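Q: Kindly return the folded structure for what I paste below:
(one chain, ligands or ions: 1)
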Amino acid sequence: MSDLKSKIDLNKLPQHVAVIMDGNGRWAKQKGKLRVFGHRNGVKAVRETTEAAAELGVKYLTLYAFSTENWSRPQTEVNALMSLLIKTVRKELSTLTKNNIRLQAIGDLTKLPKDTYNALMEGIEKTKHHTRMTLVLALNYSAKWEILEASKKLAQAAKENNLQPEDINEATFSNALSTAGMPDPELLIRTSGEQRISNFLLWQIAYAELRFFPIFWPDFRKEHLYEAIVDFQNRERRFGKTSEQLT
Ligand code: FPP
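A: As a prediction, the model looks like this:
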């Protein structure tokens, strides 16, 4: 596994990698532990993945940390996840700073508990000038929510006569999404063996390469990211064209 990194062509890196971190609960259950134990160990995988992506030169890493649907989990688990977020953002702030990594978040953040929201905003504010990589946490996020919000924004602009319906195109629509200004993810990774998108970045992944790993998120390591990128670089991305048109 160790020479996988050397197989990566650094000139053809995906600019943006998105990850659906799945399987924390099952990982813990397998070990006879509470689900929260899985989330705590999931943080280790978050750290590894962030470090590996930044070292390689990936510009954006987006992690699906909490979906709009996750509120329906047992209250104790939701609370534990929210405090884990506060703890992690605070604890990792110095590492983010040392490594010149900018923190951002997408999702309906105002619905987060106040202390989680505040910790997140503090992390975002303190890292806003960092340039090496942007780590985006998707929190209380769902792609359908985001698309509806963008639609409302555009409709409002049209109502106020600041936008004509014929001016709505891919660029204006992308700019109304919470990922405005970010390149679309070229590679989407999901762990735990499930092969679903689960309401994640539906607009942005139109042409992303998908890579599923049969392991649970707490077991995800740098080598898995390298493997996904090597695989990504060996795929032919045609964007609707024929192979011959690409050469
Ligand atoms: C999926 O596993 C994981 C989550 C919904 C939460 C992810 C959170 C972390 C890794 C910790 C905090 C993250 C950051 C970025 C600080 P699951 O609970 O759906 O597992 P299951 O499918 O086996 O039940």
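
Q: and stretch 79-88, what's its mean pLDDT?
A: Per-residue pLDDT over stretch 79-88 has a mean of 97.

Q: if you skip the residues just before and after it, what's nearest to residue 71?
A: Nearest non-adjacent residue to residue 71, counting by Cβ to Cβ, 6 or more residues apart in numbering: residue 78, 6.3 Å away. To be clear about C-beta, it is placed using only N, CA and C from the backbone, and glycine gets the same treatment.

Q: gap between the one you found and residue 110?
A: With distances taken as Cβ to Cβ, to the nearest Å, residue 78 is found 17 Å from residue 110.

Q: more neighbours, these two?
A: residue 78 (15 against 8; other Cβ atoms under 10 Å).

Q: so that one is in which element?
A: Under the criterion of DSSP states H and E, residue 78 resides in helix 75-98.

Q: do residue 145 as well
A: With DSSP H and E as criterion, residue 145 is part of helix 143-159.

Q: Toward the C-terminus, what is the element adjacent to that helix?
A: Next helix or strand after helix 143-159 toward the C-terminus (DSSP H and E): helix 170-176.

Q: Going by neighbour count, which residues of that following helix are buried?
A: 173-174, 176 (16 or more other Cβ atoms under 10 Å).

Q: which one of those residues sits closest to residue 13?
A: Nearest to residue 13 out of those is residue 174 (Cβ to Cβ; 21.4 Å).

Q: quick one: the nearest residue to that closest one once chain neighbours are set aside and residue 4, what's the gap?
A: Distances taken as Cβ to Cβ, 6+ apart put residue 180 closest to residue 174, at 6.7 Å, once the chain neighbours are dropped. Residue 180 sits 34 Å away from residue 4, going by Cβ to Cβ.

Q: of those two, who's got more company?
A: residue 4 (17 against 11).

Q: so what's that one up against?
A: Going by Cβ atoms under 8 Å, 6 or more residues apart in numbering, residue 4 touches 223, 226-227, 230.

Q: low-scoring pLDDT stretches of this structure, where are they?
A: 1-2 (pLDDT under 70).

Q: and it, which residues reach the ligand?
A: 21-26, 39, 42-43, 46, 63, 65, 70, 81, 84-85, 88, 137, 192, 217 (Cβ under 6 Å from any ligand atom).

Q: at 5 Å what do you get?
A: Applying Cβ under 5 Å from any ligand atom, one finds that the chain approaches the ligand through 21-26, 39, 42, 46, 65, 88.

Q: What subset of those is buried?
A: With neighbours counted by 16+ other Cβ under 10 Å, these contain buried members at 21-26, 39, 42, 46, 65, 88.

Q: for the most centrally placed residue in the chain, helix, strand, or coil?
A: Centroid-nearest residue in the chain: residue 62, 2.1 Å away (criterion: Cα atoms, centre = their mean). What DSSP: H, G, I helix; E, B strand; the rest coil gives for residue 62 is strand.

Q: From residue 238, how far off is it?
A: On the measure of Cβ to Cβ, residue 62 and residue 238 end up 24 Å apart.
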